[in-house]
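Asks: any chance you can model this:
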Amino acid sequence: MVAFGKKLKERQIQEWQGYYINYKLMKKKVNQYAVQIQVGALDRRHVLKDFSRMLDNQIEKIVLFLLEQQGLLASRIEKLNEQQDSLQEQPEISKILELREAYREVGSDLLKLLFFVEINAIGLRKILKKFDKRFGSRFTDHYVKTRANHPYSQLQQVFKHVGVGAVVGAISRNLAELQDRQGSYLSIYDQPALPLQDPVVDSLKSAVDRLTYSTNFLHFLAQHALIMQEELPPPVEEHVEDGKYHFMSLLLNLANTFLYMVNTYIIVPTADDYSMSLGAAATVCGIIIGAMAVAQIFSSVYFSAWSNKSYFKPLLFSSIVLFLGNVLYALAYDFKSIAILLIGRLFCGLGSARAVNRRYISDCVPLRIRMQASAGFVSASALGMACGPALGGLLQTNFKIYKLTFNEDTLPGWVMALAWLVYLVWLWISFREPSHETEESHVSEGSNNVEANTLENGLAQPLLLTSEENRQPDDDEECDGSEEAPEESRGPATSIGSAYRLLTPSVKVQLLIYFMLKYAMEILLSESSVVTTYYFRWSTSTVAIFLAGLGLTVLPVNYFVGSYISNMFQDRQILLASEIMVLLGVLFSFHVIGKYSVPQYVISGLIMFVSAEVLEGVNLSLLSRVMSSRLSRGTYNGGLLSTEAGTIARVIADGTITLAGYLGESKLLNVTLLPSLVICIASIIATCCTYNSLY
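Replies: Below is the predicted model:
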C-alpha cells in the first residue's frame with residue numbers, strides 16, 4: 001500500500017511541483033523535533049514556534065500561487081468576453097462553438113487549480129495530525145483558531161475561495177449564455193431555476209463544494225448513508241464508464257431500499273393482533289418484529305461479501321427470499337402456526353440487501369452525483385419507514401379466496417409479496433450489471449461502505465484530531481523511514497474480530513451511541529401497538545397514523561438540522577444535546593403515578609424519536625471521521641460494523657419486549673424503558689469521559 005507522501009507526489013501537476021506543500025520535508029522536521037526534544041536540545045515552546053513559522057511559509061507559498069493563477073484565468077476570461085461581445089453583433093455558429101470550447105478549457109484549468117488546493121489542504125491536515133500524534137498536543141486546535149479567525153488569514157484562502165467562486169461564476173454565466181442563442185439572452189441570474197447543462201460547470205461546482213465547508217441539508221442527509229470516497233481524489237472530475245453507471249439500475253437499487261423498509265415496518269401496527277390470533281401473547285410481537293433483525297445480522301455479512309463480485313445476483317436473491325418470506329408470513333394465519341410466521345420473518349431478514357444498496361452507490365455512481373444518491377438512499381429508507389405503518393393501517397378488510405384468508409393480519413404479507421414479485425420482474429428486465437474489477441484492484445481503489453466527503457469531513461472540521469484517536473496510524477505512520485508500508489499492515493480487515501480490534505476508544509463510543517439510539521427507537525416503535533391498546537384502546541388505524549407521523553418527521557427534522565442547526569453549533573454540542581434530549585424523552589415516557597395520558601405518550605415519543613434522528617445524523621458524521629482508513633474498504637468495513645451494532649440493538653430491544661411481556665402488560669412500558677434509560681445514561685457518561693479524544 002503506497003503511503004500518503006508518495007501518493008501526494010504522484011498526483012502533483014508537474015509544472016506546479018515547486019508550489020505544493022513540502023510534505024516530505026515537514027514530516028522529517030517533525031521527526032527531528034521529536035529526537036531533539038528527547039535529547040534536550042530543544043524545548044516544546046521553541047518547537048511550536050518553529051513549526052508554526054514553517055507552516056505559515058508553506059501556506060503563504062500555496063496562497064500566493066493560487067492568487068497568481070486566479071489572475072491568469074481572469075485575464076483569459078476577460079479576453080474571451082471581448083470576443084463574445086463582438087459576436088453579439090454578428091453571430092457565427094462556428095465562432096460560438098470555438099468560444100464555448102475556449103471557456104471549457106478555462107474551466108478545465110480551473111479544475112486543475114482546485115485540485116491543487118485540495119491536495120494541499122489534505123497534506124496540511126495530515127501533517128498537523130502527525131504533529132499532534134507525535135507530541136500528544138492540541139497544536140492543531142490552536143493553529144487553526146488563531147489563523148482562521150485573523151483578518152489577514154491566509155489559511156482562510158485554503159477553504160473559502162472567494163476568488164475561485166468569482167471565476168466559476170464567470171465561466172458558468174458565459175457558457176449558459178452561449179448554450180442557446182435562439183432569441184433568448186437572459187442570464188443565469190434571470191433564470192436561477194434553470195439547470196446548468198454544461199458538464200464542466202457541474203464538475204466545478206462539485207470541486208468547490210468539496211473544498212468549501214458548509215453543512216447543508218443534502219450533505220447532512222447523505223451522511224446517514226455511511227458512504228465515503230477515497231481520501232485523495234483524482235485531479236479531474238471522475239467519469240464513471242457507461243458500462244458502470246446506469247440510472248435505471250440506481251433507481252432499482254433505491255427501490256429495493258424503500259421496499260425493504262416498508263416490509264420491516266408494515267407489520268408493526270398489527271403484529272400483536274396476529275400473535276394473539278395464533279394463540280400467543282400480544283407481547284410476542286417483539287419476537288415477530290425482531291426475527292427480521294436477527295436474520296439481518298447474518299445477511300449483512302454475506303451480502304457485503306457477495307457485492308464484491310456482483311450486484312444483480314444478490315438483489316435477485318434478495319427479492320426471491322423476501323417474496324417467499326412474505327408468503328409464509330401470510331400463510332401462517334390459515335395454518336395456525338406461529339412457527340411458520342417466524343420463519344417467514346426470518347426469510348425477510350435474510351433478504352436484507354442494504355449492504356449491496358450502499359456498495360452500489362459507492363462503486364457505481366459518479367462522484368458528482370454520489371452525494372445526491374446517498375441522500376436518496378436515506379430518503380428512501382425514511383419514506384419506507386413512514387409508508388410501512390401507514391399502509392398497514394389502510395389494509396382493514398376481511399375476505400377469503402378459496403382457503404386463503406385476507407385480513408388486516410395477513411394482507412401486509414400478501415401485499416409485500418406482490419410488491420416483491422413486481423420488483424423482481426422489473427429488476428430482471430431493467431437492471432444492468434456493472435463491470436467488476438478483480439477483487440485486488442477493487443480493494444486497492446478503496447471501494448467502501450463508510451461515508452462522506454473528504455474535504456468537507458476531513459479538513460474543515462476535524463483538523464483537531466487528538467492523541468487518543470490518533471493511536472490509529474495514518475497512511476504513512478508506519479513508514480517514516482520509507483515510502484511504503486507492508487501490505488498486510490494497511491490492508492482491510494479480514495474478519496469481524498480483526499475489524500473490532502482496529503476500533504479506537506472514540507470509535508467505540510460512537511458505536512455505543514448508535515446502539516443506544518437504535519435500541520430506544522426500536523422499543524418505542526415495536527411496543528407501540530401493545531402499549532397504546534392497553535392504555536388508550538387505540539385501533540390499528542390510530543397506531544398506524546401515530547407511527548407514520550413519527551416516520552414523516554425524519555426528512556423535515558434533518559432539513560432543519562442540516563440547513564440551520566449544524567451551521568450554528570459544533571457537532572459535539574449537537575451530539576451531547578441530542579443524547580440529553582433522548583434521555584428526557586425516555587424519562588418522560590415512564591408511567592409513575594396517576595393515569596397515563598395520550599399527550600404524555602405522544603409528546604415523550606416524539607421527543608425521543610426526533611432527538612434520536614438528530615443524534616443519528618451527527619453521530620454518523622463524527623463516526624466517519626474517526627474511523628480507521630483500513631475500515632473504509634473490504635467486506636468487514638465500518639459500514640458493516642455500524643449496521644451490525646444497530647441491528648443487534650434492535651434484536652435485543654425486541655427480545656426485551658417479549659421477555660417483559662411475562663410480567664404482564666401493565667408493567668411492559670416501565671420494564672422496557674429501564675434498559676433504554678441505563679444505556680442512554682451510559683452513552684452520555686462515555687461521551688463526556690472521552691470528550692477530548694472525540695474532538
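Asks: and the closest residue to S498 other than its chain neighbours, its phi and psi?
Replies: Closest residue to S498 apart from its sequence neighbours, by Cβ to Cβ, 6 or more residues apart in numbering: Y636 at 7.1 Å. In this view, the C-beta of every residue, glycine as well, is placed from N, C-alpha and C. With angles defined as degrees, to the nearest 10, Y636 sits at phi -100, psi 70.
Asks: with the one 5 residues further on instead?
Replies: Backbone geometry at L641, expressed as degrees, to the nearest 10, gives phi -60, psi -40.
Asks: which residues sit in contact with it?
Replies: By Cβ atoms under 8 Å, 6 or more residues apart in numbering, the contact list for L641 reads I496, A499, Y500, L503, L511, L631.
Asks: what's the helix or strand encompassing the second one packed up against?
Replies: So the one you mean is A499. If you go by DSSP states H and E, A499 is part of helix 496-501. Helices and strands touching helix 496-501, by 3 or more Cβ pairs under 8 Å, 6 or more residues apart in numbering; DSSP states H and E, are helix 638-660.
Asks: run the chain-centre distance for the very next helix or strand once past the helix it packs on.
Replies: Note on helix 638-660: by DSSP H and E, the next helix or strand toward the C-terminus is helix 665-689. Centroid separation for helix 665-689 versus its chain: 26 Å, with Cα atoms, centre = their mean, to the nearest Å.
Asks: same deal with stretch 349-369?
Replies: 12 Å.
Asks: please save the CA atoms from it in PDB.
Replies: Extracted as PDB, the C-alpha positions of stretch 349-369 are listed here (Å, rounded to 0.1, in the frame of the first residue of the first chain):
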ATOM      1  CA  GLY A 349     -34.400 -10.700   7.200                       C
ATOM      2  CA  LEU A 350     -32.200 -13.000   5.200                       C
ATOM      3  CA  GLY A 351     -33.200 -10.900   2.100                       C
ATOM      4  CA  SER A 352     -31.800  -7.600   3.600                       C
ATOM      5  CA  ALA A 353     -29.600  -6.200   0.800                       C
ATOM      6  CA  ARG A 354     -28.800  -2.900   2.400                       C
ATOM      7  CA  ALA A 355     -25.100  -3.700   2.200                       C
ATOM      8  CA  VAL A 356     -25.500  -4.100  -1.600                       C
ATOM      9  CA  ASN A 357     -27.500  -0.900  -1.800                       C
ATOM     10  CA  ARG A 358     -24.700   1.100  -0.100                       C
ATOM     11  CA  ARG A 359     -22.000  -0.700  -2.100                       C
ATOM     12  CA  TYR A 360     -23.600   0.000  -5.400                       C
ATOM     13  CA  ILE A 361     -23.800   3.800  -4.700                       C
ATOM     14  CA  SER A 362     -20.200   3.800  -3.500                       C
ATOM     15  CA  ASP A 363     -18.800   1.900  -6.500                       C
ATOM     16  CA  CYS A 364     -21.100   2.700  -9.500                       C
ATOM     17  CA  VAL A 365     -22.400   6.200  -9.100                       C
ATOM     18  CA  PRO A 366     -20.300   9.100 -10.500                       C
ATOM     19  CA  LEU A 367     -18.700  11.300  -7.900                       C
ATOM     20  CA  ARG A 368     -20.600  14.400  -9.000                       C
ATOM     21  CA  ILE A 369     -24.000  12.900  -8.000                       C
END
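Asks: helix or strand: which one has the nearest residue to S307 once chain neighbours are set aside?
Replies: Using Cβ to Cβ, 6+ apart and skipping the chain neighbours, the partner closest in space to S307 is R359 (4.1 Å). Element membership for R359 (DSSP H and E) is helix 354-364.
Asks: ok, back up a step: which among the contacts of L641 end up buried?
Replies: A499, L503, L511, L631 (16 or more other Cβ atoms under 10 Å).
Asks: what's the closest of those to E522?
Replies: L511 (16.2 Å; Cβ to Cβ).
Asks: now the helix or strand containing that closest one against helix 638-660, angle please.
Replies: Assigned by DSSP H and E, L511 falls within helix 505-526. In terms of direction (axes from the mean of the first three to the mean of the last three Cα atoms, to 10 degrees), helix 505-526 departs from helix 638-660 by 40 degrees.
Asks: C-alpha coordinates for helix 505-526, CSV please?
Replies: This file holds the C-alpha atoms of helix 505-526, laid out as CSV (Å, rounded to 0.1, in the frame of the first residue of the first chain):
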residue,chain,number,x,y,z
PRO,A,505,-11.9,4.2,22.1
SER,A,506,-13.5,7.1,20.4
VAL,A,507,-15.0,4.9,17.6
LYS,A,508,-16.3,2.5,20.3
VAL,A,509,-18.1,5.4,22.0
GLN,A,510,-19.7,6.4,18.6
LEU,A,511,-20.9,2.8,18.1
LEU,A,512,-22.3,2.8,21.7
ILE,A,513,-24.2,5.9,20.9
TYR,A,514,-25.5,4.3,17.7
PHE,A,515,-26.5,1.2,19.6
MET,A,516,-28.3,3.3,22.2
LEU,A,517,-30.4,5.4,19.7
LYS,A,518,-31.4,2.3,17.7
TYR,A,519,-32.4,0.5,20.9
ALA,A,520,-34.5,3.4,22.1
MET,A,521,-36.2,3.8,18.7
GLU,A,522,-37.0,0.1,18.4
ILE,A,523,-38.5,-0.1,21.9
LEU,A,524,-40.7,2.9,21.0
LEU,A,525,-41.9,1.6,17.7
SER,A,526,-42.2,-2.1,18.3
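Asks: could you check how far that helix is from the centre of its chain?
Replies: The answer for helix 505-526 is 16 Å, by Cα atoms, centre = their mean.
Asks: F347 and G325 touch, don't they?
Replies: Yes: using Cβ atoms under 8 Å, F347 is in contact with G325, at 3.0 Å.
Asks: related to what we said a few turns ago, could I get the contacts of L641 as JSON lines with pLDDT?
Replies: Below are the contacts of L641 laid out as JSON lines (pLDDT from 0 to 100):
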{"residue": "I496", "pLDDT": "73"}
{"residue": "A499", "pLDDT": "77"}
{"residue": "Y500", "pLDDT": "77"}
{"residue": "L503", "pLDDT": "81"}
{"residue": "L511", "pLDDT": "90"}
{"residue": "L631", "pLDDT": "70"}
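Asks: if we can go back for a sec, what sits against the residue nearest to S498?
Replies: Y636 neighbours (Cβ under 8 Å, 6+ apart): V301, S304, P492, A493, T494, S495, I496, S498, A499.
Asks: show me the contacts for the closest residue to the second one other than its chain neighbours.
Replies: With Cβ to Cβ, 6+ apart as the criterion, S304 has its nearest non-adjacent residue at 4.1 Å, and that residue is A355. Residues in contact with A355 (Cβ under 8 Å, 6+ apart) are S300, F303, S304, S307, N449, G639, L640, T643.
Asks: how near is the second one to K309?
Replies: The gap separating F303 from K309 is 12 Å, by Cβ to Cβ, to the nearest Å.
Asks: so which of these two has more stuff around it?
Replies: F303 (26 against 12; other Cβ atoms under 10 Å).
Asks: the more buried one sits in which helix or strand?
Replies: helix 285-306.
Asks: between that helix and helix 354-364, how big is the angle?
Replies: 30 degrees.
Asks: tell me the angle the helix or strand following helix 285-306 makes with helix 285-306.
Replies: The helix or strand immediately downstream of helix 285-306 is helix 312-335, counting by DSSP H and E. With the same axes, to 10 degrees defining the directions, helix 312-335 sits at 160 degrees from helix 285-306.
Asks: returning to what we had before: can you put the contacts of A355 in CSV and add distance to I267 and pLDDT?
Replies: Listed next are those as CSV, based on distance: Cβ to Cβ, whole Å; pLDDT from 0 to 100:
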residue, distance to I267, pLDDT
S300, 21, 87
F303, 22, 89
S304, 26, 84
S307, 27, 86
N449, 28, 40
G639, 26, 72
L640, 26, 78
T643, 21, 83
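Asks: what's around P599, how many residues?
Replies: Count around P599 with other Cβ under 10 Å applied: 7.
Asks: quick one: contacts for it?
Replies: Listed by Cβ under 8 Å, 6+ apart, P599 has no contact partners.
Asks: element containing it, please.
Replies: Per DSSP H and E: P599 is located in helix 598-626.
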